[in-house]
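1. When you get a sec, could you give me coordinates for this:
(chains A and B)
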Amino acid sequence: MASTELQNGRRSIEEAIKPPSLAERMGRYRLIMADALSELYKSKTAFIGALMIVSLLIILLLTPVIAKYDPVKQDYGALRQDASAEHFFGTDRYGRDIYSRVLWGGRRLVAIAVFAVIFGLTLGIPYGVLSGYYGGWVDSIAMRAVDGLLAFPGILLYLLIVTLAREWHLEGFWNDLILVFALGFAFFPEAARLVRSSVLIEKQKEYVEASHTIGESDLYIAMRQILPNCLSPLIVNATVRLGFVILIIAALSFLGLGTPPPTPDWGADLSAARDHMESNPMIAVYPGLAICYTVLAFNLFGDGLRDIIDPRMQER
Amino acid sequence: MLIYAINRILQMIPVLFVLTVVVFTFVQLLPGDVIDTLIGDEQAEDPELRKALEEEYGLDKPIYVQYGIWLGKALQGDFGKSLITRRPISVELFESIPATVYLGLVGIGISIIIAVPLGSLAAVKRNSATDYIAQVTSLIGISIPEFWFAIMAVLVFSLHLGWLPSSGYVSPFEDLGQSLLYLVLPALAVGFRQAAYTTRLTRSSMLDEMNKEYVDTARSLGFSESKVIYKYTLRNALIPTITISGLQLANLLGGTVVLETIFAWPGIGQAIYLAIIDHDYPLIQAGILVLGIIVVCVNLLVDLLYRVLNPRVALN
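-> I've put the predicted structure just below:
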């Protein structure tokens, strides 16, 4: 008698936590998406931010089609022209089309930023989840290390790494790859800490205990069951971080420590424009506006998302 | 408090250790021979000098001994000589610190003057037009790269209106009037971005305070609204605000590398930048180390100050 009850109990627990089938999952995702959209309408900021991001991504994806000129092609017949129907934003001192340069530069910049943040998350999430999940001395040591990294001023690390890349004459892809690693690595302690604090709360919940009872492995519980419930603060943070990373990359290339010319680059183009500010101030305006637009888009979205996820904040 | 302070200082040790290791490794990772890197091309020809230096830095010994020798010298303020000016690096760096501190302090001062009234006004008039404008402005403020803001300010105030010098530095001890004239644009550029952060911070910590019970108590005792807000709430809200703006100093110091370069401001940021451009490796190494130590120490001071100002934190 007792053993059948036990078996029934076990079966119902298994029922409750068994992985959903594909159809169930798709249905659930559809619900989540619909839910997310309706939530998005709740915060004006998030909605505007999302619109700005989506239009930015569409423009950047379409760049090869809508950028009319080769961004590095020099045209000595059209030096320093003002905005016209031919050249929407005018041309620079080598006769290169600024509109095309802004578009191509954005593609590269946003791609680096996105990969950097993804890299940071890839390091930070498992680190934070496992640290929070196992707790005890593992957690103490792991978090001490994170504290140490957080106290390290990131900008100094970037300067060192960028200098190394410069001295080894890394260009193009390799230079960008180094940037991705440096910026991603600097994000990892923050991501780890954030995930860990959610995991600490989440692991007290009953479903975790239930999974333990039926003997799921620690790794499965931590990564497949706890983690998905800890993602929302992380998404907010990663979004805001994207804006921040873009600012850093632009600042480095503005200093001339980014990719060498003629690669189109918002920061470097801005810096080059300074020499002609008196005669042609507008070329210093477009790349700057592009940076502002992009960073603002991510900041708006992140801010609004935070309001949606944490309704306590929204009341304010 | 004392125990906390000691603990906190002990925590600094691993951070400083990592900082020195990173900076030391940086030189090892540069292309070429360490001796060439450290003393420059012309002198590296001289075989006797080479031999003497190899001995001095212990280059025939294992790497951790080399690190020890280097650290011992650095602790005594001996960073070697600049490859460009041939002057001792400690002197070069020491001379540049006052300019950075001057700019940083005035910048933070400007940001607090703008941000505290704006942030508290936004909180008090929550969800009004004022609040909305303050929020949008500060969100835009944190999305504008400071170097672009700086360029645009130069464009308007120096090139178009001709009111202010576009770059340069005069020591306040030589000619205060001139010095302030040169200070306006860089300090505004530092203060502007900082103000955007601090406004958001002041607003949210004001809102936190205004929801607390003592505010209701004060109101029910019949204190006037302005007394409740400006005497009690604001005072409490300022504690986290000032702390976090202190912690922002790390960001600010990073930002000075860019701004000092734009405005030819002879601070430590510009020194590092010029060293990177000139391949002056020992100066880069020492500059990053000193800037890093400053940031870590400032963070420590701010943290301790926070405890002193707000003893309740210790109880949590």
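2. Count residues in the vicinity of the closest residue to A:Leu305 other than its chain neighbours, would you?
-> Closest residue in space to A:Leu305, ignoring its immediate chain neighbours: A:Val236 at 4.9 Å, by C-beta to C-beta, 6 or more residues apart in numbering or on different chains. Quick note: C-beta positions are derived from backbone N, CA and C, even for glycine. The burial count assigned to A:Val236 is 21, neighbours taken as other C-beta atoms under 10 Å in any protein chain shown.
3. what about B:Arg87, how many neighbours?
-> Burial measure for B:Arg87: 12 neighbouring residues, criterion other C-beta under 10 Å.
4. Show me what the host helix or strand of B:Val308 is packed up against.
-> Secondary structure assigned from DSSP states H and E places B:Val308 in helix B:281-309. Helix B:281-309 is packed against helix A:154-167, helix B:2-29, helix B:34-39, helix B:89-124, helix B:234-247, helix B:249-262, helix B:268-278, helix B:312-315, with contacts defined by 3 or more C-beta pairs under 8 Å, 6 or more residues apart in numbering or on different chains; DSSP states H and E.
5. Could you list the low-confidence segments of the stretch 1-150 of chain B?
-> Within the stretch 1-150 of chain B, the stretches with pLDDT under 70 are B:34, B:36-45, B:56-59.
6. Chain A contacts on that one?
-> Near chain A, the residues belonging to the stretch 1-150 of chain B are B:11-12, B:14-15, B:18-19, B:22-23, B:26, B:29-31, B:126, B:139-140, B:142-148 when assessed by C-beta under 8 Å from any C-beta of the partner chain.
7. Go again with 10 Å.
-> Taking C-beta under 10 Å from any C-beta of the partner chain, the part of the stretch 1-150 of chain B that reaches chain A is made up of B:11-19, B:22-23, B:25-27, B:29-32, B:37, B:123, B:126-127, B:131, B:135-136, B:139-150.
8. hmm, back to that, so for the helix holding B:Val308, mean pLDDT?
-> Regarding helix B:281-309, the rounded mean pLDDT is 82.
9. Dump the helices and strands packed on helix B:281-309 to TSV, plus mean neighbour count and distance to A:Arg193.
-> Compiled in TSV, these are given as follows (neighbours: other C-beta atoms under 10 Å in any protein chain shown; distance: least, C-beta to C-beta, whole Å):
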stretch	mean neighbour count	distance to A:Arg193
helix A:154-167	21	15
helix B:2-29	14	15
helix B:34-39	18	36
helix B:89-124	20	26
helix B:234-247	20	15
helix B:249-262	24	17
helix B:268-278	23	28
helix B:312-315	10	19
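10. right, so of these, which gets closest to A:Pro262?
-> helix A:154-167 (17.0 Å; C-beta to C-beta).
11. contacting residues for the residue of the stretch 151-300 of chain A found nearest chain B?
-> At 3.1 Å from chain B, A:Ile155 is the closest residue in the stretch 151-300 of chain A, using C-beta to the nearest C-beta. Residues counted as contacts of A:Ile155 (C-beta atoms under 10 Å, 6 or more residues apart in numbering or on different chains) are A:186, A:248, A:251-252, B:250-251, B:253-258, B:269, B:288, B:291-292, B:295.
12. thinking again about what came up before, for the residue nearest to A:Leu305, give its distance to A:Gly172.
-> Shown here: A:Val236 relative to A:Gly172, a distance of 33 Å by C-beta to C-beta, to the nearest Å.
13. With A:Val129 instead?
-> When distances are taken as C-beta to C-beta, A:Val129 and A:Gly172 turn out to be 35 Å apart.
14. B:Asp60 now?
-> Remark: distance between B:Asp60 and A:Gly172 (C-beta to C-beta) = 38 Å.
15. do the same with B:Leu2
-> Applying C-beta to C-beta, one obtains 55 Å for the distance of B:Leu2 from A:Gly172.
16. repeat for B:Ile3
-> Relative to A:Gly172, B:Ile3 is positioned 53 Å away (C-beta to C-beta).
17. same check, this time on A:Leu234
-> Remark: distance between A:Leu234 and A:Gly172 (C-beta to C-beta) = 31 Å.
18. per-residue pLDDT, the one residue sitting closest to the centre of chain B?
-> To find the centre residue of chain B, average its C-alpha atoms and take the closest one (C-alpha atoms, centre = their mean): that gives B:Leu253, at 2.4 Å. With respect to pLDDT, B:Leu253 scores 74.
19. Surely it touches B:Thr100?
-> Yes. In this structure, B:Leu253 is within contact of B:Thr100 by C-beta atoms under 10 Å, at 7.4 Å.
20. joint contacts of these two?
-> By C-beta under 10 Å, 6+ apart, B:Leu253 and B:Thr100 have these common neighbours: B:Gly267, B:Ile268, B:Gly269, B:Leu291, B:Ile294.
21. with the residues you listed in mind, which one is nearest to A:Ile291?
-> With C-beta to C-beta as the yardstick, the closest approach to A:Ile291 among the shared contacts of B:Leu253 and B:Thr100 comes from B:Gly269, at 20.4 Å.
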